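Q: Sequence plus the predicted model coming up.
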Amino acid sequence: MPAKQSSVIAETKRVGIWIRVSTEDQAKGESPEHHEKRARFYAESKEWQVREVYHLEAVSGKSVMGQPETQRMLEDVKSGRITGLIFSKLARLARNTKELLHFADYFREHRADLISLQEAIDTSSPAGRFFYTVIAAMAEWEREEIAERVAASVPIRAKLGKPLGGAAPFGYRWDKRELVPDQKEAPIRRLIYELFLEHRRIKTVARLLNERGHRTRNGSKFTDTTVSRLLRDPTAKGVRRANYTRSLGDKKHWVMKPEDEWVLIPVEPVVPAEFWDQCNEILDARRRSGKPPARRTVHLFAGLAFCACGTTMYVPSNSQKYVCSKCRNKIGIEDLEAVFEEQLKNLFLSPEELLKYLGEADKTIKQKQELLGTLETEARKVKAEMDHTYRLYLDGNLTSDGFGKRYHPRELRLNQLEDQIPTLQGEIDFLKIQYLSKDQIFAEAKDLYSRWQSLDHNEKRRIVENISERLVVGKDDITIELCYLPNLSEIASKGQRNVIPALPFCGLTLRTQKPTSPSYPKSLTTIGDHIRKRRLDLGLTQKQVAARFGVKAMTLWHWENNATTPSFKYWETIRQFLAYDPLPTPKTFCEMLVHRRKLLGISQKRAAEQLGVDPSTLGRWERGEGHPSAWHGARIDVFLNHFRNTIWRGPSETADS
């Protein structure tokens, strides 16, 4: 090779091509390929050698210094790999005056040149450097003008319902410029709210999601921060916020705009608004108090019992009553449980009430099926990723360490998914079978009510938390607000934990009369007055006395408050408890018949059998509509012999005699 030709090659300028094209420029037809061809043609005309091409497509010109391609370009300049950089115009290099001047100083320090094709700038000359500075300032001004125009257009675009950029919230996707629920993510988004309502702990929700094999959109594990953000996002209940935040600048936090600047756009919800409101009320209350979630409660209705004035009612350490600290309204612990139990009985044993909610069972099953479909899809996706990683390893494209780092996390996630899928499938199968017959639902309701007294405190508390929103104790009445009707047998089963209600949200309200405070009756007029006086004299609770009679505490409360009268089968037990006969002394023949039958605790039919007459005949005698014949006299004398020998008298009559 001639010496002259070698010298020419040695002096050939080594350049790089800088390509930064925004999304807006690409829409105008200024593709990256267009800019690259233009730069290469210029380099060929100058007989320069193109060593590198630096791609920064869709990167904002506000700040490019921290980009990996920028750092690679600067390193090439420093090492001498390139001695010049070609770009279409200054605005393509950067729109920040400070960064443009930094580029100029850096290139001058390393004896390299900046070549702008549109402005015809060459920084190797003083005039070129001056012109470069002026154009850089103009580029920054243009960027700020564009930023202001974009900011001004954001509220308008938001009000029109147009996308403002960015990814769709978790659980949603963009479809034809509209935000719609994502079939794979929406069931997981609903599950987040269900788990939080059940456990009321954000970290617990994140842990359970990860253990069940769920992941965020980018494949990461759920964190408490992610769960909190998703719980707070109102998009889930059908309200998308737009134009509600602004940035404080480079690498600074985003802050909320005033609410009057927000734009609220309705979208299809993935959870009921009540779900979202309940979760956020819990979070708001926790933020106001500044306290972490409280420890598990001791009393059955602690945290759920409220006074009519709005104050939460608690049980002081030296009391057996729920007390309002503000207005001193109170109700006994046993009284409130008795009221709750009685209302469960009225609800669960009423076919009309239960049938209103069974119609929603299909919706619950469908939601669980959607979640199952999401899990199965994720499992197939993870398996495919594992197969792909294994093939790369077999082909020698992955080392043993690289294979382990990529394969083992997916294997763990697949195991979690495969553990969750059969569990969820079992729940769906159970629900499908469970709702085939309404008779089975009623049987389960009766089962829960019949087992209530045998359940331990923790099981009762879990049921109360699952089905109750709050219990409001007024001056004269009690309101029970139910939020769920759970799968009754499943909740009542021994040892069952973390039960998710099977039936949907209902928002049912029950209202009943408030039990009056136990006090001595002013007069012993009814059998209930006698029972209350005797119980208070002995210092016993209603629950203790009810157990002696073999009835519920609420039944005894009805007796003592004269709401109902004990049936004949309890009269003998009541007489033994009182140790005297509470009935008034009979004066007529018909009164003596009724009195004797009640003392014996037998029915009219059984008494008629003893007397050898028809029950209707005995009924007429007891009503005073007829008299027995002489033929029945002997048997009637035996039946009434008790009154001819010994008459039991009440405490007041005994004192008078």
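A: Nice, thanks for sending it over. The structure presented is a predicted model; accordingly, all values stated were derived computationally and were not measured.
Q: wait, residue 371 sits on residue 192?
A: No: counting by Cβ atoms under 8 Å, residue 371 sits too far from residue 192 to count as a contact (11.5 Å). Quick note: C-beta positions are derived from backbone N, CA and C, even for glycine.
Q: if you count what's nearby, which of these two comes out ahead?
A: residue 192 (26 against 22; other Cβ atoms under 10 Å).
Q: Sticking with that one, tell me its helix or strand.
A: In the assignment (DSSP states H and E), residue 192 maps to helix 186-199.
Q: For that helix, which outside residues touch it?
A: 170-172, 202, 204-205, 208-209, 214, 227, 230-231, 236, 270-271, 275-276, 278-279, 282, 367, 370-371, 373-374, 466, 498, 500 (Cβ atoms under 8 Å, 6 or more residues apart in numbering).
Q: mean confidence score for it?
A: When pLDDT is averaged along helix 186-199, the result is 90.
Q: Which helix or strand lies directly C-terminal to that helix?
A: helix 202-211.
Q: Tabulate the CA atom coordinates of that following helix in CSV.
A: Provided in CSV are the C-alpha atoms of helix 202-211 (Å, rounded to 0.1, in the frame of the first residue of the first chain):
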residue,chain,number,x,y,z
ILE,A,202,-51.8,-5.1,54.6
LYS,A,203,-48.7,-7.2,55.1
THR,A,204,-50.8,-10.3,55.7
VAL,A,205,-52.6,-9.7,52.4
ALA,A,206,-49.3,-9.3,50.5
ARG,A,207,-48.0,-12.5,52.1
LEU,A,208,-51.1,-14.5,51.3
LEU,A,209,-51.1,-13.3,47.7
ASN,A,210,-47.5,-14.3,47.2
GLU,A,211,-48.1,-17.7,48.9
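Q: Now do the buried residues in it.
A: Buried residues in helix 202-211, counted by 16 or more other Cβ atoms under 10 Å: 202, 204, 205, 206, 207, 208, 209, 210.
Q: now do stretch 416-424
A: 416, 417, 420, 421, 424.
Q: which of these lies closest to residue 304?
A: residue 424 (29.5 Å; Cβ to Cβ).
Q: Just the element for the residue nearest to the closest one when sequence neighbours are not counted, please.
A: Counting by Cβ to Cβ, 6 or more residues apart in numbering, residue 372 is the residue found nearest to residue 424 once chain neighbours are left out, at 5.0 Å. For residue 372, the host element (DSSP H and E) is helix 361-394.
Q: what packs against that helix?
A: helix 186-199, helix 400-434 (3 or more Cβ pairs under 8 Å, 6 or more residues apart in numbering; DSSP states H and E).
Q: from those helices, which stretch is densest packed?
A: The highest mean neighbour count among those, using mean count of other Cβ atoms under 10 Å, belongs to helix 186-199: a mean of 21.
Q: export that one as PDB, just CAs?
A: Taking Å, rounded to 0.1, in the frame of the first residue of the first chain, the C-alpha atoms of helix 186-199 are listed here in PDB:
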ATOM      1  CA  ALA A 186     -59.400  -8.400  37.800                       C
ATOM      2  CA  PRO A 187     -60.000 -11.500  39.900                       C
ATOM      3  CA  ILE A 188     -56.700 -10.900  41.800                       C
ATOM      4  CA  ARG A 189     -57.700  -7.200  42.300                       C
ATOM      5  CA  ARG A 190     -61.000  -8.400  43.900                       C
ATOM      6  CA  LEU A 191     -59.100 -10.900  46.000                       C
ATOM      7  CA  ILE A 192     -57.000  -8.100  47.500                       C
ATOM      8  CA  TYR A 193     -60.100  -6.400  48.900                       C
ATOM      9  CA  GLU A 194     -61.600  -9.700  50.200                       C
ATOM     10  CA  LEU A 195     -58.400 -10.600  52.000                       C
ATOM     11  CA  PHE A 196     -58.000  -7.200  53.600                       C
ATOM     12  CA  LEU A 197     -61.600  -7.200  54.800                       C
ATOM     13  CA  GLU A 198     -61.000 -10.600  56.400                       C
ATOM     14  CA  HIS A 199     -57.600  -9.900  57.900                       C
END
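Q: still on that earlier bit, and the buried residues of stretch 416-424 as a markdown table, adding distance to residue 301 and pLDDT?
A: Compiled in a markdown table, these are given as follows (distance: Cβ to Cβ, whole Å; pLDDT from 0 to 100):
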| residue | distance to residue 301 | pLDDT |
| --- | --- | --- |
| 416 | 37 | 89 |
| 417 | 39 | 88 |
| 420 | 34 | 86 |
| 421 | 38 | 88 |
| 424 | 32 | 82 |
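Q: now, the most widely separated pair of these?
A: Among the buried residues of stretch 416-424, 416 and 424 lie farthest apart (Cβ to Cβ), at 12.4 Å.
Q: before we move on, the earlier item: output the helices and strands packed on helix 361-394 as JSON lines; include the columns distance to residue 521.
A: What follows is the helices and strands packed on helix 361-394, written out as JSON lines (distance: least, Cβ to Cβ, whole Å):
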{"stretch": "helix 186-199", "distance to residue 521": "45"}
{"stretch": "helix 400-434", "distance to residue 521": "48"}
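Q: still on that earlier bit, now, of the contacts of helix 186-199, which are buried?
A: 170-172, 202, 204-205, 208-209, 214, 227, 230-231, 236, 270-271, 275-276, 278-279, 367, 370-371, 374, 466, 500.
Q: ok, and for stretch 453-463, which residues are buried?
A: In stretch 453-463, counting by 16+ other Cβ under 10 Å, buried: 455, 459, 460, 461, 462, 463.
Q: Equivalent analysis for stretch 277-293, please.
A: In stretch 277-293, counting by 16+ other Cβ under 10 Å, buried: 278, 279, 283.
Q: Equivalent analysis for stretch 602-616, please.
A: 602, 604, 607, 608, 611, 613.
Q: Ok, stretch 75-87 next?
A: 76, 77, 82, 83, 84, 85, 86, 87.
Q: Which of those fall within helices?
A: Using DSSP state H, 76, 77 are the members of the buried residues of stretch 75-87 that sit in helices.
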